[in-house]
Structure formats: structure tokens, C-alpha cells
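Colleague: Build me a structure from this.
(2 chains)
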Protein chains: 2
Amino acid sequence: MPHQNLRDIPAWQKLTRYAEAMNQPEKHLKNLVSTHDRIEKFSLKGGGIFFDFSRQRVDATAMDFLYELAEIREVRRKFDSMVAGEIVNATENRAALHTAARHFSKAPILVDGEDIVSEILEERDRIKTFSDAIRSGKITGSTGKTFEHLVVIGIGGSYLGTEFVSTALTAYGNARIKIHYLSNVDIHNFGRIVTEINPETTLWIVISKSYTTAETLANAHQAYNFMESNSLDPSKHVVTVTSKGSPGDDPTHPILQSFYMFDFIGGRYSVTSAVGGVPLSIYLGYEIFERFLKGAWEMDRHSATAAIEKNLPLIAALISVWNNNFLQYSAQGIIPYASPLSRLAPHIQQLNMESNGKSVSAEGDFMEEPTGPIIFGEPGTNAQHSFFQLAHQGRPFPIDFIGVINPQYEQYQAKSRGVTNHQELWANLISQPAALAQGKADDNTAKHFFGNRPSSTILLNDLSPENVGRLLSFYEAKTVFEAFIWGINPFDQFGVELGKTMATTIRNEIANKNKNIDHNFDRLDSISKFYLTTLYSGEL
Amino acid sequence: MPHQNLRDIPAWQKLTRYAEAMNQPEKHLKNLVSTHDRIEKFSLKGGGIFFDFSRQRVDATAMDFLYELAEIREVRRKFDSMVAGEIVNATENRAALHTAARHFSKAPILVDGEDIVSEILEERDRIKTFSDAIRSGKITGSTGKTFEHLVVIGIGGSYLGTEFVSTALTAYGNARIKIHYLSNVDIHNFGRIVTEINPETTLWIVISKSYTTAETLANAHQAYNFMESNSLDPSKHVVTVTSKGSPGDDPTHPILQSFYMFDFIGGRYSVTSAVGGVPLSIYLGYEIFERFLKGAWEMDRHSATAAIEKNLPLIAALISVWNNNFLQYSAQGIIPYASPLSRLAPHIQQLNMESNGKSVSAEGDFMEEPTGPIIFGEPGTNAQHSFFQLAHQGRPFPIDFIGVINPQYEQYQAKSRGVTNHQELWANLISQPAALAQGKADDNTAKHFFGNRPSSTILLNDLSPENVGRLLSFYEAKTVFEAFIWGINPFDQFGVELGKTMATTIRNEIANKNKNIDHNFDRLDSISKFYLTTLYSGEL
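Modeller: Numbering: from 1, shown residues only, chains lettered A, B, ... in the order given. Next up, the predicted model:
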């Protein structure tokens, strides 16, 4: 099917024209938000969470055009195809079935004619059994001691999602078990972690789909050396999460157990698979992990079934496209007013930017319109005291605010200025979107606020495992809906290949130099040669 | 003095025209970097670090126009004025003397006719004496035990710089003393930290210039309650860093000691003052803190004395303005290939976005040109496996790569694929800027890389305290040089005020409701009322 240029689509053209209307003074957000039923009309509940887009620069007409765009781009059909196991990742000839990882029914999902549900459920059972055995001390390290440290060796999609969830759910953790992330090949990452663990009580979880990821193998290699230098038997301290039959699933190299990743779940969508399942079930307990899956599953059901005008992730995606392509914002902030969500932004940064930072359509035509924005964020209120100066008076960018109605640690009710910490947090959560939207005129120009800066607010009842799962699934669905609207493939990542290829060349040069100190770097371009010479000289 | 519109400046006009030339195919970075002396001509050493701008989209002509711009904007004179203690922060009628905080000479610096050097040196002496006494156990908590946990209560500029430095220098830390950051008013932050400390061995360091920061007071209040509920005497467990005579320096509320902040050092520039000095000297030892200051001082001297074409932070600032205003990039990535620098990007995010995210000139005229970009980043190689898909094939943005020649933890020399972890890291540090610059044509459009994506590379000899100080000072000087080129005030932050004012209104409403449950929220706009009602209802 040839790529349809977005600019040829009537709804796209209407939106382009309507964006000009929205730039008129009467459509300033301060006017839009002042209508009495704004919040009722521009907010929704669904999948267990609440989504308020009343402070986005939209009105009923803009939304109608956006719904028309969703219709013509057949995004719900595409989502159904994805969930049903069709080959939606055409460039890699794969399905994209992260939703199946949190499937709680035995209804078959066919990939190439074969049901994949049973193997997913079987893997979950193996995770349950194994994590229970580790937590109870039934499986111990080689000196017979119960495990107390998990070191997750993995990078990118084998790391960020799990870190997000483990940080969000720390309060559910077992005080005895600590989790560490060895993602970076930088030796400082390894060097630091080994000062924080007890080798005898450490379980190393090595996660790599292909088991060829350079960073992960280098770190696993350091870990093996470290265990051996501590007279420990690595086969009693290592577990892998990898593709069946990969070098990490090799019976000639015995380990405690291998868990399996499937071709049809990509790294950045994999936290609900064994990638997150193994470390999170050991750290939090399998029951907590399953509650997290159930939350994600509920939001998946919502995304798959809710009508366009009632579908939270789809509306969030439409607004993202509106902000990006029609109102010309190039970045997007994610500001959770909840410190346990401190690693949400880095996870969504990967999820969204790796999925949608693309230059070609799914059919392989170069895009004429910009695709995914830059995503960044830190928790609020911290962000207010960091970069919100720019958010209010500098270069505008849309923001997702995230609030939690009921905090953990309810024992701390001491009041300052008449309010609890949680109420103070909410006073800010309420005020910041309002201030950004409304602005405030001032004769002192340095104190003048133009306003008209858009944001959404997402609310969760609490930071339960279910709600963390819902939030994860919300952003996953939003990401793929955006891609479906743009007509790009959110499941491949060919953009990371060139750097890898060039790194292989440099690595080989270094390996040659390590073998033969007389090896020179004359084969390389002058800049690369300069850097390698500097590295070997040991000083600037 | 009336504001001179940037577009009326001849050098600005030349740069505008020349940017068109740089957009021509023959000026593609793949061509620029292929000249044999590119790296020699477009890189510099100074202030103890190395700065390579050979992969920026500049040639000799562009640089000449930029130097002309620096000349006409009198940026070196403005820097001299700043360092000399003149009132460069006109809107707040203050000097901006963060450079004085790392002054190592007794030569006077006059502010309003009074020398401020002696009080700075005196404060440093007090920090030395106090931190030595805490570390040696001469000063203990109220039950006589040596302090083992520091909880830094502070937000924004009272937090991010110290967190960056303590993370960067963890390897120099005292294994006995742990540092925690209680920045967010979110009760999860407090609730989590108190599970990680021993109350008897905890020193709380409360940092707020005015001692009226809502978040900091709320957290300090929780801390006092917590100490009392643990039968500890807060006067033996609290130290403050604040303005002389503030509510945090009140003799009727005895504490271990107060350290002083000065009007002429702004929060985001304050890590070399007592703000960083107290926690870092206790955590790392005063000698390490002083080495950090000496590195910053060296770079300050470079920034103040090097000619325009030899001045690293100034050239970095010129390139930032070039990328921002002429090549139209709206964001900037900071990617340190060193995991201890994991909190560099959040610190620079504050430093730069709060300083330069402005809409008015120093004279109060609305700017017609964009000012500071969005800053974000994560360490490499992690970032490669996260958002570098977008960096290579999506929306382009310039990047600062940062490399370290000599790592800590040199005992780990195990090789994977023939190279050590540190060499693998460098293979990537060398390859990524090259791949971004050069690109690679491919008939398969999904594998096509347009290239021409700019970056700089900064090298440090190692992660010594001195080099962390140099890096900090480099970014501080770059930030103020950018502001001087744009003609904005990088030292005020009126953009954070509107949100604070509105939060006060909401806080008062909540406080009234806390006092009288029948209080309703009818005074508020319908959206704020909706949120408060939801908060009190306890569920969505």
C-alpha cells in the first residue's frame, strides 16, 4: 500500500487551517478554561485513571477534526491488529504483542498460526515458582546464603521499564532484598555496585534478547570474574532472560535458570514480560508483579475497546499530534507530582522517542511532517524549582502533569502553614497548569506571563501496583496510537544501527592495539585517530 | 540603556545569512569533518579541560562572525563586571558573585564598597572546622553517636548542584557516611528516606536562603516531628544554611550551627558556597571540597582571561546561540559517558533553563528572538539504547558528549571482545558523534541516515574533584555568556512567581478546609474546585 501523504488528508488540512484559528487571541487558554463546564467536557475517566485535557489548546471543533483524523487513519483497527498478533512490525516481519504479556485469559492469540498464550502463561508460572524459591531461601547462592541483592544487567529496554516500576513500587519491596541496575558499560557503574553488595548473597540477572548486546556481555563478563575472584560458583548466582536458544540459554554454560523473551515483544515494551517479571517478582513478590500486570491489562482493554471520543490513550495521542504538527511544539514534559515516579520520564523518553523518532513511514517513504517530540521530565515540585522558569516565560512546551490522590506513608500528617505535605503538593499540582494556561499581564515586563501554555493532568487513585500498570499501558498505547496516526512503525529502531557499526570498527582497532602495542590507527579518520591516541596517551 | 534589537546588529545579520549557506549540501558535516585538520582547528584546551567543536555545523567564516558577535555584545566586559562584583542582576539590584565563592586569593572584591572576600573565607573556615568535627565524631547526635547519615533538606538550587557533585565524587566518599536528598514536598520522599536512616546518627542539613521556601519548611517540620517522636533533641541534629538573620538563623531556636548564604550568590549558582560546602565537606571531607573549588576557580580564571577565540565556555556559548537562533534547534542534549555524572544533566537543566528561559531583555523589552533551549540528558551508553533513535533519525538536536580519559576502578581490566569496559565505552563515545555528523545513505529508507547532526565533545583527564569543579564552572560560564550575548539577565527567575502566588491561594483554601470541614471551594475557578473536591473525596 503506498504511503498517503499526511498533508493530502482532508482532516489534516482542516487541522492545519484550524490551528490558525486557535492562535487567535480569543482562543487563548485563559478564555477556554474560563467556561464553566470546561473540565466536564474536556476530561475523561477510563481504564481506572483520569485524564484531563481541559488545559490543552483545543475546543470542540479541534477535537472533532482530531477524531476525524483518528477515524481516517484507522487507528483502532491498527490497534486491534496489533493486539491480535498480526505482523504490524513490517520492517522486521514481526508481531508486536506486549499486550499479550499481561493477558489474563486463555483465549488464544495466533502468531503465524500458532497460539502464543500458553507459552506466556507458562513463563509466568516459571517466574512465580522461581521468585518464590529465591525469596523464601529455598534457592540460595553457592555458599548457602539467602539472596539479598539483585543486580540487573541489561540496558535500554532491558532496564528502564524495570527501573521505573521498581522505583515506583519501592514501598512494596522486601526490606531485605535490594535491587541494583548495571546498565552502563562504563566501569564506574560496575565498580560502584560491587561496593554496595555482598557477593555471597547476590543474584545477577542478565537480560538481553539476543544475548549479543555489547554492554551487557561486557558487564556479565566482569560479574563472572568478580564471582570467581570471590570463590563463588557463577552457576549458582546467575539467571538469564533471553531468547530461547540464544548464547544466554546454552546448557553447556549452566546457570540457575533461563527465562524466555519472545520475538514479538520489543525491548522498550517488555517490562510486563519476563524482562520485568523476573527481577520485579523477586524484588516485590510475584503477587505484586501480577497486580501490576492486571492494571496494565485493564488499560489495554480500555484502549482496545473504548470509542475514539472515550479512549484516553488515543485522545492523548491525538493531542500529542496536534501539539507537535499543528501547534509546532517540539518537546513534551512529563512531570509526576510523586517522587516514586522519578524514573517515569526516562522510561517514557525511551518508549516514545525510540518508537516515534522516525524519518520514514511504515511504507518506507520519507516523512514530510515531524514525528515524535523530545520527551523529558523530573518530578514536581522539584521541576518547579528547576526548569519551570523556562516553562512559564521561555520557549513553551506541553506538559503531562501526573497526580496521586492517596499517598503512601499516611502516618505523616504534620501540617506546615496549615496543610500536610501531600496537600502542599496538590496545591502546586493544581496551580502550575492553571498558571501556565492563564498567564498574567504585568506592566513590569519581567513579571509578565503570556500564558496559553498547554498541559494535561493525569490522576491515579494511588501508587498501587495496578495503577502503575495502568499508567505504563496508557503511555504504551498513546505511543502506538501516535505512530498509527503518523503512519510510522513504532516497533523498529534502525536508527541505532549506524553508531553500533561504527563502534565495531573502533572496538576492533582497540582490540588490535591491545594485542599489538605497535598497532597504529592510521586506517581511521583523523578525528577518531585523535581520540584513540588521546585515550592511549592517558592525558589531554 | 535601551535594548538593542539583536536583528539590528550587523554580526547577527551576517550570521542569519550565513546560516543559509551552512544549510547547503556542500556544508554538510560529512564534508566539514573530512578535512584533515578539522580537529586541530576546531578544538581547544583551556582551564584544564578539552573542548572539541569539530562536529558542530560551523566553518571558519561562521566562527569569525560569532567572534564578531561576542565582541559587539561585550561579553568579556560583562563577565569582568560580574566577577568584579558589579550589580549585573539589575532586576533584583544584586551582584552575581558565585565566582567569589571559590576565590583563593585575599584580593578584595567590593560589593557596595565593602569587601566580601573575608566573609567568604571565614565561612569556608567554619565549614572546615565543623565538617572535621562531624566526621571525627567530636560533634555527635543527642545520644552520643557519631553521625552516619546526612539528609539534605533543600530544593532547586539548594539541592541539584550538591546532588550532582556528591554523585560524581561518590568514589571519594566516606563509606561510613551516607547522603540523602529530601527535596520534594511529596511525602513519599520523606517517608522513603526515614526507612533508610538511623535517627540517632542522622544530621539534617536544612538549606534555604530565605528560610521561607514552602517545600523546605514542610520537610524540616516533618523532620523535627520525627526526631521528637524518636526522643532525640533536634538542636543536636540540625544545621542550617541560610541568610544571616533569616528564620533559620534564630538564636531562640538553637541548632548545631548556621552557615551563611549571601545575597550575591543565586541558588542555581550556589554549589561552591556553603550550600554545597556544608554537605559535601561532611560527606567527602573538606579537603575534597576544596579541591573541587580549586578546579572551578581555575576554569573561572580561564573564562575571565582567555581571548574570545581561545575561551572554551564562551565558544560553547556562541555555538549554543548559533544552534538555537540561526540553525533553529530548540533543544540540547547533555550525554556524559560516565555514570558518576548521571546528575549532571538535571543540574545543567536547572542552571541553564532557569537562567536563560526568559522572555525579556535585561532592559525589560520583550525578546523577538528565542532564548535558552530545552536541556535534557542521560549518561551514555545508556542514552544510545534509549532516545538515540530519535537523535539519529528523528527531530535533530545538538549534543554535548562528555568523556573521561582515566576511569576510577582501574582494577577491573577484564576484556570482552578484546577490549576493557572503559575501551568499549570510548568506542561508543568516538562513534556516536561521528555517526550523527556523517550519516549514511541507504537505498532502504528505514536504514538511511541523513547525518549533519551537530555535537561537541568535552574531555576530562579523570573524575577528580578538580575536574568536576572545572566542568561545573565551564557550564556556569557558558550559561552567563549565552545570556550576555542575548542581552538577558541570567540571575533572576520571575517566571516561577505566578505559580507560587496561585499555590498560596489554593493552600489557604485547603488550610481553611482543614480548620472547618464545612468550608467549600466556591471562591475558586471550576477546575481548581474540581481538583480539590476530588482530593477530599479520596477517589476518582
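Colleague: Residues of the stretch 51-200 of chain A that sit close to chain B?
Modeller: Selection of the stretch 51-200 of chain A residues close to chain B by C-beta under 8 Å from any C-beta of the partner chain yields A:54-55, A:91, A:155-157, A:159-160, A:170-171, A:175, A:183-192, A:195. For the C-beta atoms, the positions are set from N, CA and C on the backbone; glycine is no exception.
Colleague: Buried members of those into ChimeraX, please.
Modeller: Burial among those is assessed by 16 or more other C-beta atoms under 10 Å in any protein chain shown; the matching ChimeraX selection reads:
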select /A:54,55,91,155,156,157,159,160,170,183,184,185,186,187,188,189,190,191,192
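Colleague: Please flag which of the residues of the stretch 51-200 of chain A next to chain B sit within helices.
Modeller: A:Leu160, A:Ile187, A:His188, A:Asn189, A:Phe190, A:Gly191, A:Arg192 (DSSP state H).
Colleague: Walk me through the domains of chain A.
Modeller: A:6-72+A:306-492, A:98-290, A:497-537 (automatic domain parsing).
Colleague: Which of these sits closest to B:Phe530?
Modeller: Counting by C-beta to C-beta, B:Phe530 lies closest to domain A:6-72+A:306-492 out of the domains of chain A; the figure is 4.9 Å.
Colleague: can you tell me how far A:Phe449 sits from A:Lys30?
Modeller: 10 Å (C-beta to C-beta, to the nearest Å).
Colleague: what's the burial count for the nearest residue in space to A:Phe449 that is not next to it in sequence?
Modeller: Setting aside the residues directly before and after it, A:Phe449 is nearest to A:Gly439 in space (C-beta to C-beta, 6 or more residues apart in numbering or on different chains), at 4.0 Å. Neighbourhood size, A:Gly439 [other C-beta atoms under 10 Å in any protein chain shown]: 19.
Colleague: correct me, but A:Gly439 touches A:Gly451?
Modeller: Yes. When contacts are counted by C-beta atoms under 8 Å, A:Gly439 is listed as touching A:Gly451 (2.0 Å).
Colleague: check which helix or strand covers the residue lying closest to A:Ser246 once chain neighbours are set aside.
Modeller: Distances taken as C-beta to C-beta, 6+ apart place A:Tyr211 nearest to A:Ser246, at 4.0 Å, with adjacent residues excluded. Assigned by DSSP states H and E, A:Tyr211 falls within no helix or strand.
Colleague: give me every residue that touches A:Tyr211.
Modeller: When contacts are counted by C-beta atoms under 8 Å, 6 or more residues apart in numbering or on different chains, A:Tyr211 touches A:Leu217, A:Thr240, A:Thr242, A:Ser243, A:Ser246, A:Pro247, A:Gly248, A:Asp249.
Colleague: can you put the domains of chain A in CSV and add mean pLDDT?
Modeller: Below are the domains of chain A laid out as CSV (pLDDT from 0 to 100):
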stretch, mean pLDDT
domain A:6-72+A:306-492, 97
domain A:98-290, 96
domain A:497-537, 97
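Colleague: Quick one: closest of those domains to B:Asn467.
Modeller: domain A:98-290 (13.7 Å).
Colleague: now do the same end-to-end measure for the closest one.
Modeller: 15 Å (C-alpha to C-alpha, to the nearest Å).
Colleague: likewise stretch A:443-459?
Modeller: 36 Å.
Colleague: Now do that stretch: distance to the chain's middle.
Modeller: The chain centre lies 28 Å from the centre of stretch A:443-459; the measure is C-alpha atoms, centre = their mean, to the nearest Å.
Colleague: got a list of what A:Ile399 touches?
Modeller: Contacts of A:Ile399 (C-beta under 8 Å, 6+ apart): A:Gln332, A:Gly333, A:Ile334, A:Ile335, A:Gly377, A:Ala391, A:Pro433, A:Leu436, A:Arg453, A:Pro454, A:Ser455, A:Ser456.
Colleague: Can you give me the buried ones in stretch A:304-316?
Modeller: Applying 16+ other C-beta under 10 Å to stretch A:304-316 flags A:Ala304, A:Ala306, A:Ile308, A:Asn311, A:Leu312, A:Pro313, A:Leu314, A:Ile315, A:Ala316 as buried.
Colleague: Can you give me the distance of the fifth one to A:Ala96?
Modeller: Relative to A:Ala96, A:Leu312 is positioned 20 Å away (criterion: C-beta to C-beta).
Colleague: now the first one
Modeller: In this structure, A:Ala304 and A:Ala96 are 14 Å apart, going by C-beta to C-beta.
Colleague: count of residues packed around A:Glu26?
Modeller: For A:Glu26, using other C-beta under 10 Å, the count is 8.
Colleague: typo on my end, it should be A:Ser416
Modeller: So A:Ser416, with other C-beta under 10 Å, has 20 neighbours.
Colleague: Quick check: which element contains A:Asn428?
Modeller: helix A:421-438.
Colleague: Now do the lengthiest helix in chain A: which elements does it pack against?
Modeller: Of all the segments of type helix in chain A, defined by DSSP H, the longest one is helix A:465-486. The contact analysis (3 or more C-beta pairs under 8 Å, 6 or more residues apart in numbering or on different chains; DSSP states H and E) places helix A:465-486 against strand A:49-52, helix A:60-72, helix A:75-83, helix A:160-168, helix A:286-305, helix A:312-321, helix A:344-356, strand A:455-462.
Colleague: Remind me which helix or strand A:Gly403 belongs to.
Modeller: strand A:399-406.
Colleague: Convert the C-alpha atoms of stretch A:387-402 to CSV, please.
Modeller: Taking C-alpha atoms only, stretch A:387-402 is exported to CSV below (Å, rounded to 0.1, in the frame of the first residue of the first chain):
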residue,chain,number,x,y,z
PHE,A,387,13.3,24.4,34.7
PHE,A,388,9.8,25.8,35.2
GLN,A,389,11.2,29.4,34.7
LEU,A,390,11.5,28.4,31.0
ALA,A,391,8.2,26.6,31.0
HIS,A,392,6.4,29.8,32.1
GLN,A,393,8.4,32.5,30.4
GLY,A,394,10.7,30.9,27.8
ARG,A,395,10.2,28.5,25.0
PRO,A,396,6.8,26.8,25.5
PHE,A,397,6.3,23.1,25.6
PRO,A,398,3.3,21.0,26.6
ILE,A,399,3.4,19.1,29.8
ASP,A,400,1.8,16.0,31.3
PHE,A,401,1.2,16.6,35.0
ILE,A,402,0.5,13.4,37.0
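Colleague: how about a markdown table for the helices and strands packed on helix A:465-486, with distance to B:Leu498 added?
Modeller: As requested, the helices and strands packed on helix A:465-486 are exported to a markdown table (distance: least, C-beta to C-beta, whole Å):
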| stretch | distance to B:Leu498 |
| --- | --- |
| strand A:49-52 | 20 |
| helix A:60-72 | 26 |
| helix A:75-83 | 37 |
| helix A:160-168 | 30 |
| helix A:286-305 | 34 |
| helix A:312-321 | 24 |
| helix A:344-356 | 24 |
| strand A:455-462 | 14 |
